[in-house]
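Undergrad: sequence first, then the predicted structure, then my questions.
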Amino acid sequence: MNVLSDIRTDLPTPSLTLDFAVINDHYYRFLEAYPGADVFYAVKANANPDVIQYVVNHGGGLEIASLAELELSLRAGAHGDRIICSNPIKNPLFLRRMAEAGVYAVVVDSTYEVEKVAQHAPGMRVYVRLSVDNTGSVLPLAGKFGVDGVSALQLFEMARDLGLTPIGLSFHVGSQCLNPANWENAIAACGQVWREAEARGFDMHFLDLGGGFPAGHYHDSSIPTIEAIAEVVMPAIRAHIPAELDDLMVVLEPGRGLVGESGLLYTSVVGKALRGTQEWVYLDTGVFNGLMETYEGFPPVVRLLAEDAERRPLRSVTLAGPTCDSCDVVARDIELPELHIDDVLLFLDSGAYVSEYGVAFNGFPIPEVVNLNAGFIASLTPAPANAQAEAVRLIA
Ligand SMILES: Cc1ncc(COP(=O)(O)O)c(C=O)c1O
């Protein structure tokens with residue numbers, strides 16, 4: 001087990017450190033690996049105003065899902081034309097406010113939504129979300145959203161008839177997508193619709209590759225990197241989309257891929273119990289106040305923060321949160337060094353979907369956020385190339 005000698009040891013728990021050197025490193029890696037593409041950060045992953053401010057200050061765009069995210073984005077100084085909304089379900093007030101703010105474009109994936117957008121945001125640019133294969137993603141999003149190619153073309157026609165401006169396509173391969181071929185297949189599917197749409201006179205120029213970029217390569221080399229996915233994506237765009245890259249607006253919507261690895265969650269052991277033969281360890285963070293993704297099946301990556309971590313015997317334990325609810329279980333049969341009350345555990349890759357999902361059920365607080373390397377928020381200087389390596393050194 002790891003000894004984390006360089007990690008902060010002075011924080012109360014629960015705390016969440018966000019390292020802006022890591023965010024900066026990832027942001028510029030996206031820009032470098034996908035030349036010509038535009039990063040529209042998926043605010044839902046972490047709507048911390050400092051993260052939004054970082055993206056705005058560095059020229060990135062924002063992908064928003066709600067009125068609250070629109071307001072946060074505008075407050076950070078984002079211009080409407082650097083904001084898109086890829087949430088297929090938008091309420092009328094949100095649509096009206098996006099129209100007022102001059103939001104660049106919004107997604108549609110149903111006739112009802114096309115009608116609603118036409119009514120509340122007349123003339124708006126729209127793109128259609130295709131339903132694509134999510135196999136190989138830890139958190140699939142397929143089923144709830146997206147349409148097939150035939151329906152996409154019908155939505156384009158309907159949108160045009162209602163005075164909207166169809167511009168292109170989007171998809172989402174599923175969050176923490178471990179299978180780069182998903183992007184390739186999705187881009188191939190876009191290509192087919194694209195050609196037919198152009199044949200019908202639509203001016204197609206917007207290709208939104210969604211999120212799904214996974215976190216965790218630095219501790220698990222089987223997880224594809226930003227660059228490894230780009231090696232699949234860029235040739236796929238050239239092969240399947242009938243347009244020059246220069247004439248396209250290629251959008252990346254990383255949430256986890258931008259901020260996930262920047263976050264370390266610090267949580268303490270607050271209780272232990274033997275239930276039958278199973279050892280239970282209770283933490284001050286659980287499913288409700290930060291670790292909701294574990295409830296969705298996301299396997300947590302956990303380290304003990306203790307000098308003697310490597311010398312302690314390994315135990316298979318159940319990790320649970322502090323609330324009275326029996327669903328508040330974070331991991332079953334996870335192997336960790338023997339744990340004692342007040343030990344601190346680190347949950348790696350916690351920069352995304354921890355604060356956002358958190359509620360203070362039973363009065364247990366959401367982890368307090370501590371910014372590290374906050375100078376990168378304002379700075380326009382790309383991170384030293386070794387920022388990621390630094391994170392590896394600290395954690396591996
Ligand atoms: C439309 C859309 N874009 C981007 C994202 C961000 O995805 P990820 O965090 O996997 O990058 C999501 C996540 O649910 C989403 O729904």
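TA: That came through fine.
Undergrad: please count neighbours and contacts with C-alpha atoms only from this point.
TA: Will do.
Undergrad: residues from the stretch 251-396 of the chain in reach of the ligand?
TA: Glu253, Pro254, Gly255, Arg256, Gly257 (C-alpha under 6 Å from any ligand atom).
Undergrad: can you show me the helices along the stretch 251-396 of the chain?
TA: For the stretch 251-396 of the chain, applying DSSP state H, counting those that start in this stretch gives helices covering 256-259, 292-295, 375-378, 387-395.
Undergrad: mean pLDDT for those: which is lowest?
TA: With a mean of 46, helix 387-395 has the lowest mean pLDDT of these.
Undergrad: which residues touch Lys272?
TA: Contact analysis of Lys272 by C-alpha atoms under 8 Å, 6 or more residues apart in numbering lists Glu279, Trp280, Val281, Tyr282, His340, Ile341.
Undergrad: now, which of those sits nearest the ligand?
TA: The ligand has its nearest neighbour among these in Tyr282, at 27.6 Å by C-alpha to the nearest ligand atom.
Undergrad: buried sites along stretch 103-116?
TA: Across stretch 103-116, burial judged by 16 or more other C-alpha atoms under 10 Å covers 103-111, 113-116.
Undergrad: again, but for stretch 360-378
TA: Neighbour counts using 16+ other C-alpha under 10 Å place Phe361, Phe364, Pro365, Ile366, Pro367, Glu368, Val369, Asn371, Ala374, Phe376, Ile377 of stretch 360-378 among the buried residues.
Undergrad: OK, contacts around the fifth one?
TA: Neighbouring residues of Pro367 by C-alpha under 8 Å, 6+ apart: Thr13, Pro14, Ser15, Leu16, Leu265, Thr285, Asn289, Gly290, Ser355.
Undergrad: quick check: chain neighbours aside, which residue is closest to the first one?
TA: Spelled out, it's Thr13. Leaving aside its chain neighbours, Thr13 sits nearest to Thr267 (5.1 Å; criterion: C-alpha to C-alpha, 6 or more residues apart in numbering).
Undergrad: picking that back up, ok, the buried residues of stretch 103-116 vs the ligand, which is closest?
TA: Of those, the one sitting nearest to the ligand (C-alpha to the nearest ligand atom) turns out to be Val107, at 8.7 Å.
Undergrad: which residues are in contact with the strand or helix carrying the closest one?
TA: Per DSSP states H and E: Val107 is located in strand 105-108. Contact with strand 105-108 is made by 83-89, 114, 124-129, 155, 170, as judged by C-alpha under 8 Å, 6+ apart.
Undergrad: excluding its backbone neighbours, what's nearest Ser73?
TA: In this structure, Ser73 finds its nearest non-sequential neighbour in Ile52, 6.7 Å apart by C-alpha to C-alpha, 6+ apart.
Undergrad: and the residue nearest the centre of the chain, how far from Ala45?
TA: By C-alpha atoms, centre = their mean, the mean C-alpha position of the chain lies nearest to Gly255, the distance being 2.3 Å. According to C-alpha to C-alpha, to the nearest Å, Gly255 and Ala45 sit 5 Å apart.
Undergrad: do a quick rundown of the strands in the stretch 1-150 of the chain.
TA: All strands of the stretch 1-150 of the chain, identified by DSSP state E, counting those that start in this stretch, fall at 15-19, 38-42, 61-64, 83-85, 105-108, 125-129, 137-139.
Undergrad: same list, those strands, but as TSV with mean pLDDT please.
TA: Formatted as TSV, those follow (pLDDT from 0 to 100):
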stretch	mean pLDDT
strand 15-19	96
strand 38-42	98
strand 61-64	98
strand 83-85	98
strand 105-108	98
strand 125-129	98
strand 137-139	92
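Undergrad: among these, which is nearest Arg303?
TA: strand 15-19 (14.4 Å; C-alpha to C-alpha).
Undergrad: the closest one pairs with which strands, parallel or anti?
TA: Here strand 15-19 is paired, per DSSP bridges, with strand 263-275 (antiparallel), strand 368-372 (parallel).
Undergrad: reformat those strands as CSV; add distance to Met249.
TA: What follows is these, written out as CSV (distance: least, C-alpha to C-alpha, whole Å):
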stretch, distance to Met249
strand 263-275, 30
strand 368-372, 32
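Undergrad: closest one to Pro299 among the ones you listed?
TA: strand 263-275 (14.6 Å).
Undergrad: how is this structure carved up into domains?
TA: 20-259, 261-372 (automatic domain parsing).
Undergrad: what's near enough to touch Leu169?
TA: Contact analysis of Leu169 by C-alpha under 8 Å, 6+ apart lists Tyr127, Val128, Arg129, Leu130, Cys190, Trp194, Phe206, Leu207, Asp208.
Undergrad: name the nearest residue to the fifth one, ignoring sequence neighbours.
TA: It refers to Cys190. Leu169 (6.8 Å).
Undergrad: where's the one you found, which helix or strand?
TA: Using DSSP H and E, Leu169 maps to strand 165-170.
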